[in-house]
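Trainee: Task: produce atomic coordinates for the following.
(chains A and B)
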Amino acid sequence: MPRIEVEKMLNVCLLRKKKGYSQFELSFLMGQRDFYVRDVEDLSHTLIYSVPFTNIFREIFDCNIQAIVPDLTSANYTIQISMAKDHSANPIYKTEKVFDDGRVELIAILSAEPKDLLLKSSSIITEQSVKDWVLNQISIGYFSKPKNALQILKDCEKELGSTIRPLFLANALKACNGTKGTPKLTSKKDGNGRFVFICKHL
Amino acid sequence: MATNNWFLFPIELYLIIQVRLIRLDLNIVAEELSNFLKKGEKYIGHIESSAHNSKYNDQILSEIAVYFSQIAKIRQQELKDSGDSTIIKTEYTIYDFYPKEVLSNDKVLKEIPPIPPGIGPAPTLNALIEDPTFFKRARTLNEIVNKANEVQHQKWEAKDFTRPLERAVKGKNKRLEVILKGDLNTYILANKQKKV
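Mentor: Now for the predicted structure:
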């Protein structure tokens, strides 16, 4: 994998951890399959964040391009990656910056995260509040047009007046499967390759 | 023959247009940039063509920034040697290609303006040279100036094109040939480009 792609992945990893997003939560907001970010952060995979994701990351993290894409023309360090295996033989990667003057700085430890992981977050909104909001939105026709996860999250945060955990939203959307009296939301990929959610019948 | 319509994300299209703008401004031929990147001769041409689905990635953009810096330093020296005190940008990074604002994430038709609007006389001339039609027949300086003014809504004069034309008819990257017609110099695509 080219160095620029490794560094971009590390930058995104730091941004997501700072924001308190797990690998699954970021995949969900990107509109990708559940383990997309987990696979990008597994250095034995060749999957990378292509250019269009940079635009989406800027929306998710509200940051400039410099926070995501590294400028390697002025880099005074190299990236060192060492790998170990945990008790289940899953790879764990330690990534470090080795500066020209010999200093070594830890960047991040990368490993596969459980899908339901909740990282430290400042969000105070409960899962039930998010569920109620989704049900209400279905009843007022919000989902009559396809919406991607990031759009829904932003609308939900705006209305509830605080950040929400993407996992709560993902769970709330998934729970609307037409059983036990719940309305049915379906998800499919749109023409831009992102999962969108739509309610066809009310 | 049917041609395909290709759709790209706006950010992908923006990068292609931005790299092309700077390339034309620095008077870099597409093949020359392809060679620097150790790609096939048509690599950049395909990316800049709406008939192909090719696009840039960050690795290539990073290498292009390095090349643009190298060439910009040469252009700066050329200006200095000719007694021109103009200072041009000589350091490029990948950020020079990216937009400042977040763009839409809805795909758009891949359309590359053959002559980018709002650019100066030298890059306009370079774009006209790359246009498959304009220099197919010999053009007088007056015709070149008129055409450039027409497409860019400018009031440029012949002197604005003297140096870019000199550069186009000289050196290993010679792209135009001078043909004397009566008392007038005319300019036509050099042989290599006629084949394209």
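Trainee: Can you point out the helix or strand that includes the closest residue to B:P10 other than its chain neighbours?
Mentor: If the residues on either side of it in the chain are set aside, B:P10 comes closest to B:L103, at 4.2 Å by C-beta to C-beta, 6 or more residues apart in numbering or on different chains. Heads up, the C-betas are built off the backbone N, CA and C, glycines and all. Using DSSP states H and E, B:L103 sits in no helix or strand.
Trainee: isn't B:L103 right up against B:I11?
Mentor: Yes: counting by C-beta atoms under 8 Å, B:L103 touches B:I11, with 5.1 Å between them.
Trainee: quick one: which of these two has more around it?
Mentor: For B:L103 versus B:I11, neighbours defined as other C-beta atoms under 10 Å in any protein chain shown are more numerous around B:I11 (23 against 18).
Trainee: what about the residue nearest to the spatial centre of chain A, helix or strand, and which?
Mentor: Nearest to the mean C-alpha position of chain A, by C-alpha atoms, centre = their mean, lies A:L26 at 0.6 Å. According to DSSP H and E, A:L26 maps onto helix A:23-30.
Trainee: Might you report the residue contacts of B:E12?
Mentor: Residues counted as contacts of B:E12 (C-beta atoms under 8 Å, 6 or more residues apart in numbering or on different chains) are A:V51, A:P52, B:K55, B:Y56.
Trainee: Just the ones of those residues in strands?
Mentor: Of the positions in the contacts of B:E12, not one sits in strands, assigned by DSSP state E.
Trainee: Report the contact partners of A:F195.
Mentor: Listed by C-beta under 8 Å, 6+ apart, the contact set of A:F195 reads A:G31, A:Q32, A:N148, A:A149, A:S187, A:K188, A:K189.
Trainee: okay if I get those residues as JSON lines plus secondary structure, neighbour count and distance to chain B?
Mentor: Listed next are the contacts of A:F195 as JSON lines, based on DSSP: H, G, I helix; E, B strand; the rest coil; neighbours: other C-beta atoms under 10 Å in any protein chain shown; distance: C-beta to the nearest C-beta, whole Å:
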{"residue": "A:G31", "secondary structure": "coil", "neighbour count": "23", "distance to chain B": "9"}
{"residue": "A:Q32", "secondary structure": "coil", "neighbour count": "20", "distance to chain B": "13"}
{"residue": "A:N148", "secondary structure": "strand", "neighbour count": "21", "distance to chain B": "8"}
{"residue": "A:A149", "secondary structure": "helix", "neighbour count": "24", "distance to chain B": "12"}
{"residue": "A:S187", "secondary structure": "strand", "neighbour count": "14", "distance to chain B": "17"}
{"residue": "A:K188", "secondary structure": "strand", "neighbour count": "9", "distance to chain B": "16"}
{"residue": "A:K189", "secondary structure": "strand", "neighbour count": "13", "distance to chain B": "13"}
